[in-house]
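Undergrad: quick one: sequence plus predicted model below, questions after.
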Amino acid sequence: MNKRIRKAIFPVGGLGVRFLPATKALPKEMLPVVDRPLIQYAVDEARDSGIEEFIFVTGRGKTAIENHFDYSFELLQTLKDRNMKEEIDAMLALSPNPGQIAYVRQQEPLGLGHAVWCARHLIGDEPFAVILADDLILAETPCLRQMLDVFEEMGGNILATMEVPHEHTSRYGIVDADLSPKSLRKIKGLIEKPKKGNAPSNIAIIGRYILLPEIFNELGKKKVGEGGEIQLTDALSSLIGTQPFYGLDFSGKRFDCGVKLGYLEANIAFALERQDLGPSLRKVLTNYGF
């Protein structure tokens, strides 16, 4: 029987340079989509999928994330004094329970692989999940829950995948896999941001992973890859043939909130889904000719 996935890593040490000057003092993971920060959506997805321990790999200037998930006595007392019950319930629902959150500092921005490696002692010998807050997914069933269902049946490493335009493959980690119309593919190769014409497919990895703990041994070798960073994709590639790897074309819509256009689209899409905002927003969009 496969071990149950209890822990998730959230790499949140990035600088957010694409959103400057907004991210000069505010972590990019705290940028709001409608009225919740990106990192809250990521934590909610993990919690709704059954994750019990939440490990944040942070960097300098990320204390706002810690404060967001902390208990704010002054604010809650003010809300109580004003009898704002709905707002109180929303505040109390933000954070996992005491003892479920841990923070690890990534002293240098050495890449996603290095960020995951920094959490190795908190993971131990268990399989675990990795969630990138930049990849926001609107789905009836949480993307991570879909992946956990596959893991519980198949085991191995599970990567969330999706088709991207061929001209965009150099932006992603790309898989070499069976290109049948099935949503679950067996992966036989991985390449990080292949140069134009070198991509084995147009099936890209997006920011959801379920990984076996042996990945830490590979990451510990600290091999430098694309962009002078320690790439998670490279470490995973070295394990192919020794462990099973699957790519799951998840059900849902992914928004790349690491770029401005994707972030703006996510705000519109998530607002349209809400009963309190959707109808009014549709009227606003109509006024703009949409």
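TA: Structure's in. What do you need? Numbers count the residues shown, from 1 in each chain.
Undergrad: rest of the way, CA atoms for contacts and neighbours
TA: Will do.
Undergrad: tell me what the helix or strand bottoming out on mean pLDDT in the chain is packed against?
TA: Lowest by mean pLDDT, DSSP states H and E among the helices and strands of the chain is helix 85-92, with a mean of 85. With contacts taken as 3 or more Cα pairs under 8 Å, 6 or more residues apart in numbering; DSSP states H and E, helix 85-92 sits against helix 73-81.
Undergrad: got the angle between the helix it packs on and helix 85-92?
TA: The directions of helix 73-81 and helix 85-92 differ by 160 degrees, with axes from the mean of the first three to the mean of the last three Cα atoms, to 10 degrees as the criterion.
Undergrad: if we go by neighbour counts, what in helix 73-81 is buried?
TA: L76, L79 (16 or more other Cα atoms under 10 Å).
Undergrad: what's next to it, contact-wise?
TA: Here helix 73-81 makes contact (Cα atoms under 8 Å, 6 or more residues apart in numbering) with K85, E87, I88, M91.
Undergrad: chain neighbours aside, what residue packs nearest to the last one?
TA: Taking Cα to Cα, 6 or more residues apart in numbering, and ignoring the residues beside it in sequence, M91 has L76 as its nearest neighbour in space, at 7.8 Å.
Undergrad: what's the following helix or strand after the least confident helix or strand of the chain?
TA: Following helix 85-92 in sequence order, the next helix or strand is strand 101-105 (DSSP states H and E).
Undergrad: flag every buried residue along that next one.
TA: For strand 101-105, the neighbour count (16+ other Cα under 10 Å) marks I101, Y103, V104, R105 as buried.
Undergrad: what pairs with that strand, parallel or antiparallel?
TA: In the sheet, strand 101-105 lines up against strand 53-58 (parallel) (DSSP bridges).
Undergrad: now do the contacts for E192.
TA: Going by Cα under 8 Å, 6+ apart, E192 touches S170, Y172, G173, I174, E226, Q231, T233, D234.
Undergrad: let's see that with 7 Å instead.
TA: Y172, G173, I174, T233, D234 (Cα atoms under 7 Å, 6 or more residues apart in numbering).
Undergrad: next one: it from V224, what distance?
TA: From E192 across to V224, the span is 12 Å (Cα to Cα, to the nearest Å).
Undergrad: what pairs with K7 across the strands?
TA: Residues in beta-bridge contact with K7 (DSSP bridges): E53.
Undergrad: verify the stated contact: F10 with A129.
TA: No - using Cα atoms under 7 Å, F10 makes no contact with A129, being 8.8 Å away.
Undergrad: and the two? Which one has more around it.
TA: A129 (26 against 23; other Cα atoms under 10 Å).
Undergrad: regarding that one, what is its secondary structure?
TA: Classification of A129 by DSSP: H, G, I helix; E, B strand; the rest coil places it in strand.
Undergrad: which residues are in contact with it?
TA: K7, A8, I9, Y209, I210, L211.
Undergrad: how close does it get to L264?
TA: 27 Å.
Undergrad: per-domain residue ranges of this structure.
TA: As recorded under automatic domain parsing, the domains making up the chain are 7-258, 260-290.
Undergrad: low-confidence stretches in the stretch 1-150 of the chain?
TA: Along the stretch 1-150 of the chain, the model assigns pLDDT under 70 to residues 1.
Undergrad: could you redo the last one with a cut-off of 90?
TA: Counting by pLDDT under 90, the stretch 1-150 of the chain shows low-confidence ranges at 1-4, 13-17, 20, 24-25, 59-63, 67, 69-77, 79-81, 85-99, 107-110.
Undergrad: for G189, what is the enclosing helix or strand?
TA: According to DSSP H and E, G189 maps onto strand 184-192.
Undergrad: now what about the following helix or strand past that strand, what contacts it?
TA: Note on strand 184-192: by DSSP H and E, the next helix or strand toward the C-terminus is strand 203-211. With contact meaning Cα under 7 Å, 6+ apart, strand 203-211 is reached by 127-132, 135, 144, 157-164, 172-175.
Undergrad: one more time with 8 Å, if that's ok
TA: With contact meaning Cα under 8 Å, 6+ apart, strand 203-211 is reached by 127-135, 143-144, 147-148, 151, 156-164, 169, 172-176, 247.
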